[in-house]
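Q: mind looking at a prediction? Sequence and model below.
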Amino acid sequence: MPIYRHPITSSDQKSVRILENIPLDNELIERLKTTYQAARAENDLSLARVFYHKLFSAHPMLREMFPDDLEQQAAKLISMLDQVVNHLEHPEENSKRLADLGRRHREYGVQPEHYLIVIKLLTESIQELIGSTENGAAKQDSIEEWRLMLTLIGQQMTRQSRSDSVERINLG
């Protein structure tokens, strides 16, 4: 059975050397894109709106971390998801994008445990929005693939945040 690499991979030098000869899982990339398109209608912010509703209902204390204008925030979330999904064939680009996002989120006060909340609620939001577009088993597989992808994204963002903190301590 061939081995393929997940499209959300780390960019550290050791990982890149090990992974560069392992092909990307193109079938997974297509499934992730298909599920994302099912959850997100073109030029629509429903996915982000559902997510933020779930987030602030379950964790109202997190609301203060966000700007008053949630429409603009929703547009930013969808834009970032669009960028990541549209570049799944280019893990190095996504890795840089996620590292930058992790740095910015650290500055906003995001803690590692916040990523777990986001992964859970964003996965639930995708599941809610794909509704009946897929049969039961395929839908559950798609949701698990998204849960894994969001977990890997969160790990990359958290890792970048931690490495920046260590660098600041070492420098100063």
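A: Structure's in. What do you need? Numbering: from 1, shown residues only.
Q: now for this structure, the helix or strand with the poorest mean pLDDT.
A: Among the helices and strands of the chain, helix 13-19 carries the lowest confidence by mean pLDDT, DSSP states H and E, at a mean of 63.
Q: following element in sequence after that one, please.
A: Later in the chain than helix 13-19, the nearest helix or strand by DSSP states H and E is helix 26-39.
Q: helices or strands up against the next helix or strand after that next one?
A: Where DSSP H and E defines the elements, the next helix or strand beyond helix 26-39 is helix 46-58. Applying 3 or more Cβ pairs under 8 Å, 6 or more residues apart in numbering; DSSP states H and E, we find helix 46-58 packed against helix 70-86, helix 112-130. In this view, the C-beta of every residue, glycine as well, is placed from N, C-alpha and C.
Q: what helix or strand is the spatially most central residue of the chain located in?
A: Nearest to the mean C-alpha position of the chain, by Cα atoms, centre = their mean, lies L150 at 4.0 Å. In this assignment (DSSP H and E), L150 forms part of helix 136-171.
Q: any weak-confidence spans in the chain?
A: For the chain, the stretches with pLDDT under 70 are 10-17, 42, 132-136, 138, 160-172.
Q: the helix or strand where R104 lies: how far from the chain's middle?
A: When elements are assigned from DSSP H and E, R104 belongs to helix 91-107. Between the centre of helix 91-107 and the centre of its chain there are 11 Å (Cα atoms, centre = their mean, to the nearest Å).
Q: for stretch 80-96, same thing?
A: In terms of Cα atoms, centre = their mean, the centre of stretch 80-96 is found 10 Å from the chain centre.
Q: kindly report the same for stretch 114-132.
A: Worked out by Cα atoms, centre = their mean, stretch 114-132 lies 11 Å from the chain centre.
Q: these two touch, right, E124 and H53?
A: No: counting by Cβ atoms under 8 Å, E124 does not reach H53; the two are 10.9 Å apart.
Q: okay, now the nearest residue to the residue nearest to the centre of the chain once chain neighbours are set aside: neighbour count?
A: By the measure of Cβ to Cβ, 6 or more residues apart in numbering, the closest residue to L150 outside its immediate chain neighbours is I119, 4.5 Å from it. Residues lying near I119 (other Cβ atoms under 10 Å) number 20.
Q: quick check: I119 touching Q155?
A: No: if you go by Cβ under 8 Å, I119 and Q155 don't touch, sitting 9.9 Å apart.
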